[in-house]
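> Show me how the following folds:
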Amino acid sequence: MRDPAFWWADHSPAATLLAPVGTLYGAIAARRMARPGRKAPVPVICVGNFTLGGAGKTPTSIALARLLSESGHCPFFLSRGYGGRVAGPVQVEHQCAFEVGDEPLLLRRVAPTIVAHDRPAGAQAAAKAGADTIVMDDGLQNPSVEKDLAIAVIDGRRGIGNGRIFPAGPLRAPLEAQLDHIDAVLVVGSVRRAAERVIDFAQRRGLPVLHGELRPAPDAVAALAGKPVLAFAGIADPEKFFATLEAHGIPTVIRKPFPDHHRYAVDEMAVLVACAQRESLTLVTTEKDMVRLRGEPGAADLIARSTVLPVTLAFRDTSAVEAMLHDVIGSKRTSVGL
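Coordinates of the predicted model:
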């Protein structure tokens, strides 16, 4: 599913019409979030967002795991494996995206990754396999596991959109209810008006507001600079990917957006290749799309012709993030007598 445009508009008859449904959905989601979770054997750091769609959760999870590894810890990722058919718990090794989801395939490049629809069981499996910390990619609204640190990631450009609850808007639950369950907000990218509202709410509650930015790999940028491209992306916000290309001197002559977690059909792949050849354009896509393509039959030609633009998340104040991680892990160890 692609995000409806009215989610990100200030005023919309469709949003007004759907608001009563959103109110009901939000009440159910808020009650669910209030349920107590099970304690995990090791500290759990949850990276989620207030809204449906992408805000930078996976790059943030990866950045946190790298900080933990650099400080001598052994983090494991825990993911539901959205889009995959494996319920788990299972450690991600050589599976493909339609088995475990696309995001776990990116995560496993950085640290061991457990996919589990049952998150408490996944946390137990991670601890048994040697984890001393769990970074949970998504799951902010899932109460099954008690979080020791919950960080909500918001896109500085899109914020929380119209501020309404699904299906009237992109919020997964009422904002106030979600703020009750987080410890910090991370704003990714330059702050625009759409994000100022949630930042203001967080600051009024005394929640730390961190900042970060997604940076494309310099070598990939250098290889693509000045080359006209056909860019395609099946992520939550393809326009962010296209804007990143343009901002780094890579002219996106043709843009092909697809829904998040899109599984490319053979005819779609053939059209992309044929269009790029006809217009003498370089094909470029995201890491997430590429890991998904690698599990698809008939994707070899598109894969061979496509260039990937990897991105990493950089914290503006890394020391503040490190201090937050240290405080949480230290207090957890003390409480369980480690």
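
> List the contacts of the residue lying closest to residue 38 once chain neighbours are set aside.
Nearest residue to residue 38, sequence neighbours excluded (Cβ to Cβ, 6 or more residues apart in numbering): residue 120, at 4.6 Å. Yep, even glycine has a C-beta here, placed from its N, CA and C like the rest. Contact analysis of residue 120 by Cβ atoms under 8 Å, 6 or more residues apart in numbering lists 37-38, 40, 144-145.

> try it again with 10 Å
37-40, 89, 144-146 (Cβ atoms under 10 Å, 6 or more residues apart in numbering).

> now swap in residue 280 and tell me
Here residue 280 is in contact with 228, 230, 253 (criterion: Cβ under 10 Å, 6+ apart).

> Which members of these are classed as buried?
Buried by 16 or more other Cβ atoms under 10 Å: residue 230, out of the contacts of residue 280.

> So which of the contacts of residue 280 is the closest to residue 58?
Distance to residue 58 across these (Cβ to Cβ) is lowest for residue 230, with 24.3 Å.

> If I look at the closest one, what pLDDT would I see?
According to the prediction, residue 230 has pLDDT 98.

> Surely it is in contact with residue 224?
No - using Cβ atoms under 10 Å, residue 230 makes no contact with residue 224, being 11.8 Å away.

> Determine the residues that are contacts of both of those two.
With contacts taken as Cβ under 10 Å, 6+ apart, residue 230 and residue 224 have 282, 284 as neighbours in common.

> Could you tell me the end-to-end distance of stretch 283-292?
This stretch, stretch 283-292, spans 16 Å end to end (Cα to Cα, to the nearest Å).

> how far is it from where the chain is centred?
Relative to its parent chain, stretch 283-292 has a centroid offset of 15 Å by Cα atoms, centre = their mean, to the nearest Å.

> Start the count at 167 instead of 1 going forward.
In the new count, where the first residue is 167, that last one comes out as stretch 449-458.

> can you pull the buried residues of the strand or helix carrying residue 183?
Per DSSP states H and E, residue 183 falls inside helix 179-199. Across helix 179-199, burial judged by 16+ other Cβ under 10 Å covers 181, 184-185, 188, 191-192, 195-196, 199.

> Spit out the contact partners of residue 487.
Residues in contact with residue 487 (Cβ under 10 Å, 6+ apart) are 226, 229-230, 233, 317, 350, 352, 374, 376, 378, 481.
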